[in-house]
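In: everything below, folded, please.
(chains A and B)
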Amino acid sequence: MAAPIPSPTGPAMPFVHRLREAVIAGLVAMALAVPFLGLRTVNLDQGLVVQANLAYVPLAGAVVFLGRLILGLLAAPLAKAAAPLATWRPPAGAQRLRPWGGPLLVLAAAALPFLPFANRYVIDLGTTALIYILLATGLNITVGLAGLLDLGFAAFYAIGAYTCALTTTQLHWGFWPALAAGGLASSLFAVLLSLPILRLRGDYLAIVTLGFGEITRIVILNWQGLTGGPNGVSGIARPTLFSLTFDRRAPAGGHTFSEVTGIAYAPEHRLIFLYLIILALTALAAYTVARLRRLPIGRAWEALREDEIACRSLGINPTMVKVSAYATGALMGGLAGCFFAARQGFVSPESFGFMESATILAIVVLGGMGSQAGVIIAALFIVVLPELARGFADYRMLAFGLAMILIMIWKPGGLLSGRLPTIRLSNAKPKPVAEAA
Amino acid sequence: MAGPLLQLSHVHASYGPVHALRGVNVTVNEGEIVTLIGANGAGKSTLLMTICGNPKPTQGQILFQDKSLVGIPPHLIATQGIAQVPEGRRIFPRMTVLENLQLGATLADPAHFAEDLATCYGLFPILEKRQAQRAGTLSGGEQQMLAISRALMSRPRMLLLDEPSLGLAPLIIRQIFQVIEQLNRERGMTILLVEQNAYHALKLAHRAYVLASGEVVLTGSGRELLANEQVRAAYLEGGAH
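Out: This is a model prediction of the structure:
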């Protein structure tokens, strides 16, 4: 268990030490403040000039001095307050409710857009959060279950999105076939990528996947003829419900949702519909992962994470296991990408940079590698918290970073770091859970 | 069957520039316990690993049930009926005991699963008590038991054991060796055992080979080698342990 507060010297320190610590911190802050705050570049008539504004320097020192002092004095009480958090376990009876957790969560999420407080903004935010949950569920297979670090997951997201964009705009496919094509195309690229990197492990694997992510983005950016380069692709087909559109007026030869159902047209319907699609996709993905974990293929993923040599000695083919992990993860990334493209109606390479890969990976790591519930909580945290912190304006990323540091101090293994066994044991003799591969 | 179950003839193997095996001849007949002893770096573990296909032999032939194993990838060698208990156990620490055993049964017919599980729990009753526990939380001896059980779950024709006594308490070592003998006596399991613990291993073995610098320097029945002056001097330090 980690010490619950960032004080290397422990809670029982005399006040003089705290004071000295705070003075040192304040001096460091002042030194740093000279270039960061004290010097400003200003655009004047004669060009760019540096203006010194050293009044900020002592101010920064004072703020850091006080902050460090207060934090130091609060360390002990804070640690005491946080202790139960670190060792908290659900009560024994909660175990029996576990199978109901997933369906209940999906039902609650499905009810969200119909609640009184659900306006456009809430539904939009929910949709974004669900996209990230779907992405992280996919990455969780590769990183969390199979233990293959992937720093370029946004590549699969991008391939899904562009497949959807190009099939609907160039080939005039509808959303649903494009969705399938997006998932499959991502999967296919994942298979192609995984073949050359099968021998790599750890850092080297991470570097190559990072490269793949960048290569994909740069190819999209430069292949003007196909992808439109930095201009992106617009006019992507909107999702339809059994060929009904959610527009105000029916397209030639088609019908709208409001015409057929008799419900008065409202622009929110399309948002709700999008939200429900991504919810269904995400729930399906989560359910699939939960099922796969109980099948030989899922167990092989986890065994591969634990020990590749032992896997081979048991007759598990590591090549197949790795390829299948990449392909399944990328399938979900591709679906998310395709949905993203259809929701925006527009894609450009900017949406698929390294920050996107890093965010998705952060969700997986923060949630506790391999944990589906962890992925959901972490995705909500990462998507919703910066929104809630909008009141802090420019400082919201600061608040976000602070929250992240606190989680890593209290829960160094991720929010839900305990691994769920794939079989629950009763008193009865266990049975083989599934056929051998 | 015409020939022995496993036959290695003139096998050479290297780790890069290190020539670890230099023309080794070893045979294992059906139903035998064969032991390999030797000092550190003599090539004992390399021999087992070479049978399993990693490293690949640079020269020579390995026949299992009269079929060549040379050039077959490691995971397919397991499908031939050879189960390996690797050095250092290599159980899956974050998975439960039962999940480890399920993974052991990857190659087996699922119809046998319950029966094979009962067999393993019969050999090592402690594993049944621990079945829902993470394998990484087991003691060293229990982990070794799990590693052996996991290998047995595939219903192998032959079991390769690499230093099963490594780092275990004397009492546990005794129990492990008893089970190895029991497997051979009651179920006719063919076993190739690599051991540093020469006294126990030789007492158990029908036949044994002494390896030094990648070559077989001495061979005979377990009893003969146990009585052999050179062996006593080099590996038994003049007495029973």
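
In: can you give me the buried ones in the top helix by length along chain B?
Out: Scanning chain B for the longest helix, with DSSP state H as the assignment, gives helix B:170-187. Across helix B:170-187, burial judged by 16 or more other Cβ atoms under 10 Å in any protein chain shown covers B:172-173, B:175-177, B:179-180, B:183-184. For the C-beta atoms, the positions are set from N, CA and C on the backbone; glycine is no exception.

In: give the pairing partners of the next helix or strand after it; include direction for each.
Out: Under the assignment DSSP states H and E, the closest C-terminal helix or strand after helix B:170-187 is strand B:190-194. Strand B:190-194 has the following sheet partners, assigned by DSSP bridges: strand B:33-38 (parallel), strand B:158-162 (parallel).

In: and stretch A:313-329, what's buried?
Out: Residues A:313-318, A:321-329 are the ones in stretch A:313-329 that count as buried (16+ other Cβ under 10 Å).

In: tell me how far that stretch lies from the chain's centre.
Out: Here stretch A:313-329 is found 24 Å from its chain centre; the criterion is Cα atoms, centre = their mean, to the nearest Å.

In: ok, residues contacting stretch B:224-233?
Out: With Cβ atoms under 8 Å, 6 or more residues apart in numbering or on different chains as the contact definition, stretch B:224-233 has outside contacts at B:37, B:198-199, B:202-203, B:208, B:210, B:218, B:220, B:236, B:238-239.

In: if I pick B:V28, what's in contact with it?
Out: Contacts for B:V28 (Cβ under 8 Å, 6+ apart) come out as B:4-7, B:34, B:158, B:190, B:192.

In: need phi/psi at whatever residue of the stretch 101-250 of chain A ends up closest to chain B.
Out: Across the stretch 101-250 of chain A, no residue is closer to chain B than A:G147, which sits at 10.2 Å (Cβ to the nearest Cβ). Main-chain torsions, A:G147, degrees, to the nearest 10: phi 70, psi 20.

In: nearest residue to it other than its sequence neighbours?
Out: Excluding its sequence neighbours, the residue lying closest to A:G147 (Cβ to Cβ, 6 or more residues apart in numbering or on different chains) is A:R305, at 3.0 Å.

In: domain boundaries for chain B, per the record?
Out: According to automatic domain parsing, chain B comprises the domains B:1-81+B:158-241, B:89-156.

In: just say which of these is most tucked in.
Out: Using mean count of other Cβ atoms under 10 Å in any protein chain shown, the stretch among the domains of chain B with the greatest mean number of neighbours is domain B:89-156 (a mean of 20).

In: for the stretch 301-437 of chain A, give me the ranges with low pLDDT.
Out: Flagging of the stretch 301-437 of chain A using pLDDT under 70 yields the residue ranges A:392-394, A:396, A:423-437.

In: in contact with the most centrally placed residue in chain A: list those residues for me.
Out: Chain A has A:I360 as the residue nearest its centroid, 3.2 Å off, counting by Cα atoms, centre = their mean. Applying Cβ under 8 Å, 6+ apart to A:I360 gives the contacts A:132, A:135-136, A:139, A:153-154, A:157.

In: per-residue pLDDT of the nearest residue to B:N197 once chain neighbours are set aside, please?
Out: Distances taken as Cβ to Cβ, 6+ apart place B:S165 nearest to B:N197, at 4.6 Å, with adjacent residues excluded. At B:S165, the pLDDT value in this model is 91.

In: helix or strand: which one has B:S165?
Out: B:S165 belongs to no helix or strand, assigned by DSSP H and E.

In: same question for B:A208.
Out: strand B:207-212.

In: quick one: list the elements packing against the helix or strand following that strand.
Out: Proceeding N to C from strand B:207-212, the next assigned helix or strand is strand B:215-221, under DSSP H and E. On a contact count with 3 or more Cβ pairs under 8 Å, 6 or more residues apart in numbering or on different chains; DSSP states H and E, strand B:215-221 meets strand B:18-28, strand B:207-212.

In: what separates the longest one from the chain centre, distance-wise?
Out: Relative to the centre of its chain, strand B:18-28 is centred 16 Å away, using Cα atoms, centre = their mean.

In: also stretch A:345-354?
Out: In terms of Cα atoms, centre = their mean, the centre of stretch A:345-354 is found 16 Å from the chain centre.

In: for that stretch, buried residues please.
Out: Judged by neighbour count using 16+ other Cβ under 10 Å, the buried positions of stretch A:345-354 are A:347-349, A:351-352.

In: give me every residue in chain B lying close to chain A.
Out: B:52, B:54, B:73-76, B:78-79, B:83-84, B:86, B:90-96, B:98-99, B:102-110, B:113-114, B:117, B:131-132, B:134, B:150-151, B:154 (Cβ under 8 Å from any Cβ of the partner chain).

In: next step: these restricted to helices.
Out: Among the residues of chain B next to chain A, the members found in helices (DSSP H) are B:74-76, B:78-79, B:98-99, B:102-104, B:113-114, B:117, B:150-151.

In: tell me the two of these that are most distant?
Out: Using Cβ to Cβ, those span at most 28.5 Å, a distance reached by B:P74 and B:A114.

In: and A:L198, how many neighbours?
Out: Neighbour count for A:L198, taken as other Cβ atoms under 10 Å in any protein chain shown: 14.
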